[in-house]
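Next comes the sequence, and after it the predicted model I'd like to discuss.
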Amino acid sequence: MAYASLVSLQQTIDLVLNHHKYSISVDEREIVTSICEYVAFLISLLENLPQKANRMEGKIRDLANEAEDVIEHFMWNQFHMDWSVGLSRVEFQGRLNRVREEIGSIAGDMRDDRLCDIPAAISSKRVASTGENDVVMGLDEDLLAIKGRLCGESSKLEVIPIVGMGGIGKTTLARYAYNDPLIMEYFYIRAFVQVSQDYRSKDFLSNLLASIKLFEEQVLGENKFAENEYHESEIAEKVYKSLKGMRYLIVMDDIWCNEVWDDVRNIFPDDKNGSRIMLTTRLSDVAAYASSGSPLQQMKFMNRNQSWDLLKQKVFNNSQDCPPELEDIGKAIAGGCRGLPLAVVLVAGILSTMAMSEASWEKIAKNVNSVVNEPLDKILSLSYSHLPHHLRSCFLFMAGLPEDYKIRASRLIMLWVAEGFLKHENGYKSLEDEAGEYLEDLVKRSLVLVTNRKINGKIKSCSLHDLVRDMCVRKAQEEKFLLTSKDILPNGRIDHRHISTGLSRLDEIQSPAVRTIICFPTSTDCSPLPSFLVRCRLLRVWEVINDKHDNVVLPPQVFELFHLRYLALAFTNELPAPISKLVNLQTLIVSRGQIQPEIWWLPHLRHLVFINFYSTLPYPADGSALPLENLQTLSGIESFERSERILKMIPNLKRLGIRYNVTEENPGLLHNLSRLHQLEKLKITFEFCYPLEEQYLAFPKTLKELSLVEVGLPWKDMSIVGSLPNLQVLKLKKYFCQGTRIWETRDGEFPQLKYLLIEYSNLQHWITESGHFPRLKRLVLKHCFELTEIPDGIGEIPTLEMIEVENAPKVSMVNSIKQMQEDLKSYGNDALQIHFISSDQEVQKLVYDAFRLTCEHKEIGKELVDTVNRYWVLCFFYLQERIYRFC
């Protein structure tokens with residue numbers, strides 16, 4: 001992890017050299033500047049010639065880490081004006097000078113041989129066997145789709161890419177399609193060639209000729225391996241002539257870069273005769289580049305039944321049935337392979353050599369991970385070794401997340417930014433946007449799984465496949481990057497700068513070099529002892545990933561962590577004034593505590609988030625604080641005090657979640673929000689709702705996503721929202737509109753809207769046309785109990801992909817949905833999907849009535865309280881009765 005250490009050191013040096021609060025002598029500045037120059041050279045070398053530094057990576061990493069430790073101790077001492085802790089001034093200069101000499105020596109050696117050629121690794125490429133394949137379970141749908149594309153109506157030459165992580169069955173699917181009798185009869189010439197990472201164009205062309213059975217007789221004569229006697233262009237010409245005029249199928253297996261396709265694309269003639277090229281790759285970018293818009297065949301994991309079927313087929317070879325006493329154990333073993341075909345095959349190979357006894361199989365069931373990890377690790381490690389240096393630290397960081405944990409992409413990106421993983425040379429993009437591109441790159445390389453996407457296509461949450469995570473954890477430990485709790489040494493001394501552990505083990509950490517602590521609480525955890533914070537003086541990130549864990553007492557020692565950039569805790573005490581001492585803090589995620597005016601003294605703050613809690617954002621008492629120009633996210637905030645003045649203090653805010661207490665005396669001056677000229681996402685929740693008047697409401701034109709909860713806006717004033725030129729996502733929740741229950745849209749409204757959600761609404765009649773929502777992709781209606789029908793114009797929107805309706809009790813509404821489905825079917829419109837989810841209407845009505853009464857009468861007397869309570873009690877007993885009957 002030399003690259004990550006160098007980038008982090010570069011950022012730290014920049015902070016020291018360019019910040020007025022650090023007093024640094026001329027000699028010290030000269031030493032630090034020299035180190036910075038060497039660091040910049042080594043970063044450039046790793047980016048452009050990564051293999052040059054392979055043998056020195058460990059040494060470079062250690063030196064960069066040491067230099068950063070020394071400099072950050074210096075920064076801590078300067079801030080606290082205390083040289084009695086850690087290094088003295090003389091020791092600081094001495095150690096820094098030694099690091100400069102050593103890192104300068106390494107940079108000099110690498111500069112001297114920078115232009116030397118590195119011998120290309122040449123491996124013997126094998127021509128893929130065309131022998132008969134075994135039947136593979138779980139690929140039926142993929143195989144049918146591939147065969148359909150191979151024998152499709154298009155006469156033009158087409159490229160069919162198969163994409164997925166290592167071991168998921170890409171090559172197996174390609175080979176099975178390749179050897180299908182129909183395919184064998186359809187194509188006159190077939191060739192299957194493995195490319196792999198150590199690709200050389202001449203080797204590929206030679207093997208291609210051999211695979212189509214022309215190499216030996218047309219080029220090599222009797223000498224099968226005499227291809228060196230021929231120039232590469234001559235071999236390419238032979239390939240082209242062999243394929244010219246023939247309907248051919250070429251399989252290029254395991255492609256790793258675009259250059260492969262650039263080298264060979266011109267040797268494949270397009271005679272408009274239905275020829276096809278099928279390729280397999282782990283990289284979506286490579287597949288998209290070669291396919292030129294052709295859809296990707298994305299491989300999926302097998303389900304548990306498919307895994308069990310494959311395991312049985314491999315172990316028993318279809319010659320005998322699985323003994324009944326082994327079936328449950330076998331299913332558990334198959335489930336432990338996590339849907340990866342290669343893992344199933346590896347385990348089956350072991351089981352087939354063992355005694356068919358419960359004891360033998362139970363032993364494998366208990367150790368299924370260790371059985372498959374070693375051989376799979378070699379396969380999956382190829383994906384890691386092919387990662388560019390700037391992505392490696394981002395990927396290895398995910399080793400600190402618990403198994404099967406789905407992390408929100410926004411939170412992961414905040415962590416990456418706080419860690420300093422991004423160089424950020426592009427001034428037109430924010431750090432968060434750049435980190436988002438890093439995450440997409442990891443997804444395209446089949447290393448990170450997307451568990452949910454937003455309507456705009458961006459990643460909402462993600463995770464790691466279990467086997468990829470196992471590889472990630474091993475690599476993180478090998479690279480001395482991250483250590484999990486089970487690997488912490490008894491004496492607590494470690495070389496790793498990132499730790500993932502439980503709260504109860506924090507006090508075991510003894511190393512002063514630790515920069516990151518990721519905690520995943522358990523039921524037995526209690527508040528950590530503050531002593532570990534005293535030892536971890538250079539800590540940057542402290543994350544407790546379970547938002548519901550709230551028995552942590554925030555120790556005062558936290559506020560001595562001068563270098564802390566990221567703090568996410570659910571603690572029991574208030575957020576005190578010493579928070580202002582965390583001058584480098586970028587992200588603060590908490591579950592309670594009123595914000596103190598000192599929050600305005602955190603110049604680097606980028607994200608302030610309250611979870612399941614609302615806090616008032618105060619104005620600085622003396623009015624002398626500077627604007628928080630880096631602040632992008634502000635969530636869980638109660639009504640702004642003196643909102644117009646505060647909004648000027650947060651000029652670059654992009655995401656805002658706020659709750660307003662609106663009364664007749666306090667109408668909630670929301671028109672001030674239009675002053676936030678960078679705002680893209682806004683969620684407003686109203687408490688004790690009083691009907692809004694149009695003059696009090698205005699939104700910034702930059703908004704892309706808007707959520708309105710219990711707002712009390714009249715339906716006739718929804719044109720204010722419809723006029724927003726960039727709005728893509730609109731969520732209207734919980735009785736958000738009042739007055740006349742008719743919503744009539746107009747021409748020119750919602751020009752960019754792609755997603756519309758209406759939930760718990762009193763809307764009765766919706767009058768609209770297809771042109772009023774010209775780009776709508778998805779419509780979701782939940783618990784709209786009064787709505788009589790979906791307008792006909794909605795079904796005519798050309799971009800609409802899905803309508804989802806949940807709990808619509810009115811008969812006219814149900815009939816309109818059925819009619820729309822019939823009309824779409826008669827028109828042959830298969831693109832638009834309609835999902836209708838209906839639950840018991842009696843329960844729906846009880847819940848709705850209770851909710852409606854609660855929303856309509858916020859200031860209520862005892863009689864109405866009793867009425868509302870009766871509704872909720874009825875709901876409870878009705879549901880309890882239904883559950884009792886079912887059981």
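Good, I have the coordinates.

quick one: pLDDT of D525?
Looking at D525, its pLDDT reads 56.

Kindly report the same for L708.
We note a pLDDT of 90 for L708 in this prediction.

Ok, the one 5 residues further on next?
At L713, the pLDDT value in this model is 78.

my guess is it contacts L732, does it?
No: because the distance of 9.1 Å does not satisfy C-beta atoms under 8 Å, L713 is recorded as not touching L732. C-beta: built from backbone N, CA, C; applies to glycine.

Between those two, which contacts overlap?
Overlap of the contact sets of L713 and L732 (by C-beta atoms under 8 Å, 6 or more residues apart in numbering) is empty.

any idea how far the residue nearest to P402 when sequence neighbours are not counted lies from L781?
Computed as C-beta to C-beta, 6 or more residues apart in numbering, the closest residue to P402 that is not its neighbour in sequence is F520, at 5.0 Å. Counting by C-beta to C-beta, to the nearest Å, the separation of F520 from L781 is 38 Å.

Looking at the two, which has the bigger crowd around it?
With neighbours defined as other C-beta atoms under 10 Å, F520 and L781 compare such that L781 has more, 23 against 19.

Okay, helices next: where are they in the stretch 251-400 of the chain?
Ranges of helices within the stretch 251-400 of the chain are 258-264, 284-291, 304-316, 324-336, 341-351, 358-366, 368-385, 389-397, based on DSSP state H, counting those that start in this stretch.

now those helices as a markdown table including mean pLDDT?
Shown next, in a markdown table, are the helices of the stretch 251-400 of the chain (pLDDT from 0 to 100):
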| stretch | mean pLDDT |
| --- | --- |
| helix 258-264 | 89 |
| helix 284-291 | 90 |
| helix 304-316 | 85 |
| helix 324-336 | 86 |
| helix 341-351 | 76 |
| helix 358-366 | 83 |
| helix 368-385 | 71 |
| helix 389-397 | 93 |
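
Go through those and name the closest to G166.
helix 368-385 (4.5 Å; C-beta to C-beta).

Can you get me the start-to-end distance on stretch 619-629?
Counting by C-alpha to C-alpha, to the nearest Å, you get 15 Å between the two ends of stretch 619-629.

Pretty sure V541 is one of the things L569 touches, is it not?
No: under the criterion of C-beta under 8 Å, L569 makes no contact with V541, lying 11.7 Å away.

on that earlier part again, could you dump the helices of the stretch 251-400 of the chain into JSON lines with mean neighbour count and distance to K458 added?
What follows is these, written out as JSON lines (neighbours: other C-beta atoms under 10 Å; distance: least, C-beta to C-beta, whole Å):
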{"stretch": "helix 258-264", "mean neighbour count": "17", "distance to K458": "24"}
{"stretch": "helix 284-291", "mean neighbour count": "20", "distance to K458": "16"}
{"stretch": "helix 304-316", "mean neighbour count": "20", "distance to K458": "31"}
{"stretch": "helix 324-336", "mean neighbour count": "18", "distance to K458": "32"}
{"stretch": "helix 341-351", "mean neighbour count": "22", "distance to K458": "30"}
{"stretch": "helix 358-366", "mean neighbour count": "16", "distance to K458": "40"}
{"stretch": "helix 368-385", "mean neighbour count": "17", "distance to K458": "23"}
{"stretch": "helix 389-397", "mean neighbour count": "22", "distance to K458": "16"}
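
Now render these as JSON lines, adding distance to M246.
As requested, the helices of the stretch 251-400 of the chain are arranged in JSON lines below (distance: least, C-beta to C-beta, whole Å):
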{"stretch": "helix 258-264", "distance to M246": "17"}
{"stretch": "helix 284-291", "distance to M246": "21"}
{"stretch": "helix 304-316", "distance to M246": "36"}
{"stretch": "helix 324-336", "distance to M246": "43"}
{"stretch": "helix 341-351", "distance to M246": "33"}
{"stretch": "helix 358-366", "distance to M246": "49"}
{"stretch": "helix 368-385", "distance to M246": "34"}
{"stretch": "helix 389-397", "distance to M246": "42"}
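
Out of these, which is closest to H677?
Using C-beta to C-beta, the nearest of these to H677 is helix 389-397, at 31.1 Å.

Now the element after that closest one, going C-ward?
Note on helix 389-397: by DSSP states H and E, the next helix or strand toward the C-terminus is strand 407-408.

Not counting its own residues, what contacts that following strand?
M398, L401, K460, S461, C462, S463, I545.

Using ChimeraX, define a selection of the buried residues within the residues you listed.
Those of those that meet the burial criterion (16 or more other C-beta atoms under 10 Å) are gathered into one ChimeraX selection, given here:
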select :398,401,461,462,463,545
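
Secondary structure element holding I834?
According to DSSP H and E, I834 maps onto strand 833-837.

now for that strand, which elements pack on it?
Using 3 or more C-beta pairs under 8 Å, 6 or more residues apart in numbering; DSSP states H and E as the contact definition, the elements that strand 833-837 packs against are strand 802-806, helix 811-826.
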